[in-house]
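Asks: build me a model:
(2 chains)
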Protein chains: 2
Amino acid sequence: MSAPGQLTPDEARARFRAGLRVPTSGWSAGWTQANLIALPRADAYDFLLFAQRNPQPCPVLDVTEPGETSASIFAGDLRTDLPAYRVYRDGELVEELTSVTHLWRDDLVTFLVGCSFTFEAALLEAGVPVRHIEAGSNVPMYSTNRECRPAGALSGPLVVSMRPVPASQVADAVRITSRYPAVHGAPVHVGDSAALGITDLAVPDFGDPVEVRDGEIPVFWACGVTPQAAVMRSRPSFAIGHAPGHMAITDARDSTYVVP
Amino acid sequence: MSAPGQLTPDEARARFRAGLRVPTSGWSAGWTQANLIALPRADAYDFLLFAQRNPQPCPVLDVTEPGETSASIFAGDLRTDLPAYRVYRDGELVEELTSVTHLWRDDLVTFLVGCSFTFEAALLEAGVPVRHIEAGSNVPMYSTNRECRPAGALSGPLVVSMRPVPASQVADAVRITSRYPAVHGAPVHVGDSAALGITDLAVPDFGDPVEVRDGEIPVFWACGVTPQAAVMRSRPSFAIGHAPGHMAITDARDSTYVVP
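Replies: As a prediction, the model looks like this:
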């Protein structure tokens, strides 16, 4: 079996379709990963406007027509080819499943939203460590006290992902990730997690905790779980998201989203 | 009277509100100018999706709530503070007016879309000539044979603006404008206007013709009149646009839209 990082998007998706349930950080190196949020057409305008007003957490990479099960940058089946999904009814998380085919509806519009896993390869190449990849765990994610700009019925907090970075390499991490604005770009916050309303880094709201070592600074990037936090707050009748950290592996190349 | 380039956005808007009808290229230097398209809420999702799918001609800077008459980056009155407006019914241009207050509706959503006038100051600073400013005329704009990606009921051609650039400075023009992705960014085409389906540069579809001198190459940028071309093709029941070249002068600084 090839290492996960060497798999093509199609090969990776086939494994998830067969039932493998793992976080996708480090998978299919060089291929862009995306957050998924599917909402009824009646709620789609509010979401697209929410994304326009909050481009750092919600950089939209692709939008399907209602009911479509693939997307222009995702040739697989959106209902089965992610490792895991979360199903929301009236804002309540009701199920976590590895397939949502039986729940799919003709009016569902699927949004693929950029994911910070995309720039992790660039961080590693530059010698900036990525702790959750080293640890083989999911990235830690936190709801913050920062509000997104609301849009129609949608409001919610900014969600962030965190990577501990050695103090001497924080500037590198900023410089490198700022070249990827379509996948969250530069950090929204460096150090001082209390200022974001995060009381304990060891207890993330999504994903797994990671060790922050002496001399390392917690660095926070806007996170594509933000749409799901808005769903939980704003309670549309129905929504499907990816399980945090268990992303859509797309057919787009990371290089597509780098600015000069 | 101050020169137009020295006016604050508020001062410029007061003159247009009082009835002055001129193209805005060169006005309020350093302040971002925007295209305007206002559509009924029922058509707003299709337009926002059209913009998401065609970010180079349609970089959305701001979106109002239905019926609102100002925007987060535009403190003036959207119905009176542009030099001129175009009114469309079922896709037909029916009127050009200096105020649309009497036509405003509670369900109109206004989109402000980035404008290439924003990077003209940077071109001039770098010594790249901008012919229509020299000539005191409107920029020439052309409908092309390139199709935008459709969205719902909206489809239409890419519209471009053209600036003649000395061959030795084309690379500078590309380099400089590529730093402004939110206001159309790098050119979509350099030279060979026939390949865009433009038969005669002297006969633009919008704006005024400009002289292309020996040794100059026509350089084409995506243009925010593209939404109005989509309205003409797709025929929503009602729409208001700016008169091409007669832009909304916003309270946002050009520097907001520069990438490093």
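Asks: flag every residue of chain A that's near chain B.
Replies: A:A44, A:Y45, A:L48, A:L49, A:Q52, A:R53, A:V60, A:V63, A:S178, A:P181, A:V259, A:P260 (C-beta under 8 Å from any C-beta of the partner chain). For every residue, glycine as well, the C-beta is placed using N, CA and C.
Asks: among these, which ones are in helices?
Replies: Under the assignment DSSP state H, these contribute A:A44, A:Y45, A:L48, A:L49, A:Q52, A:R53 to helices.
Asks: residues in contact with the fifth one?
Replies: If I follow you right, that is A:Q52. Residues counted as contacts of A:Q52 (C-beta atoms under 8 Å, 6 or more residues apart in numbering or on different chains) are A:A151, B:L48, B:V60, B:V63.
Asks: give the bridge partners for the last one, please.
Replies: I take that to be B:V63. Beta bridges link B:V63 to B:F111 when assigned by DSSP bridges.
Asks: I figured it was touching B:V109, is that so?
Replies: Yes. Counting by C-beta atoms under 8 Å, B:V63 touches B:V109, with 6.5 Å between them.
Asks: ok, back up a step: out of the residues of chain A next to chain B, which one has the weakest pLDDT?
Replies: Of all the residues of chain A next to chain B, A:P260 has the smallest pLDDT value, namely 68.
Asks: which of the ones in helices among the residues of chain A next to chain B ranks first by neighbour count?
Replies: The most neighbours of any of these, using other C-beta atoms under 10 Å in any protein chain shown, belong to A:L48, which has 26 neighbours.
Asks: excluding covalently adjacent residues, which one is nearest to it?
Replies: Nearest residue to A:L48, sequence neighbours excluded (C-beta to C-beta, 6 or more residues apart in numbering or on different chains): B:L48, at 4.9 Å.
Asks: need the contact list for that neighbour.
Replies: A:Y45, A:L48, A:L49, A:Q52, B:V60, B:V63, B:F111.
Asks: quick one: contacts for A:I133?
Replies: Shown in contact with A:I133 (C-beta under 8 Å, 6+ apart): A:S25, A:G26, A:E120, A:L124.
Asks: residue in chain A with the shortest distance to chain B?
Replies: Proximity to chain B, evaluated over chain A using C-beta to the nearest C-beta, is greatest for A:Y45 at 4.0 Å.
Asks: what's around the residue nearest to A:P204 when sequence neighbours are not counted, how many residues?
Replies: Distances taken as C-beta to C-beta, 6+ apart place A:P140 nearest to A:P204, at 3.8 Å, with adjacent residues excluded. Using other C-beta under 10 Å, the number of residues around A:P140 comes to 27.
Asks: I'd say A:P140 and A:V203 touch.
Replies: No. In this structure, A:P140 is not within contact of A:V203 by C-beta under 8 Å, at 9.1 Å.
Asks: overlap in contacts of these two?
Replies: In contact with both A:P140 and A:V203: A:P209, using C-beta under 8 Å, 6+ apart.
Asks: can you list the ones in helices among the residues of chain A next to chain B in a markdown table and add distance to B:G197?
Replies: Formatted as a markdown table, those follow (distance: C-beta to C-beta, whole Å):
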| residue | distance to B:G197 |
| --- | --- |
| A:A44 | 33 |
| A:Y45 | 33 |
| A:L48 | 31 |
| A:L49 | 34 |
| A:Q52 | 31 |
| A:R53 | 36 |
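Asks: just the helices in the stretch 1-150 of chain A please.
Replies: Using DSSP state H, counting those that start in this stretch, the helices of the stretch 1-150 of chain A run over A:9-17, A:41-53, A:120-125, A:131-135.
Asks: joint contacts of B:V63 and B:V109?
Replies: B:A44.
Asks: any weak-confidence spans in chain A?
Replies: Within chain A, the stretches with pLDDT under 70 are A:1, A:260.
Asks: could you list the domains of chain A?
Replies: A:4-116+A:233-257, A:125-222 (automatic domain parsing).
Asks: ranking the ones you listed by burial, who's on top?
Replies: domain A:4-116+A:233-257 (a mean of 20; mean count of other C-beta atoms under 10 Å in any protein chain shown).
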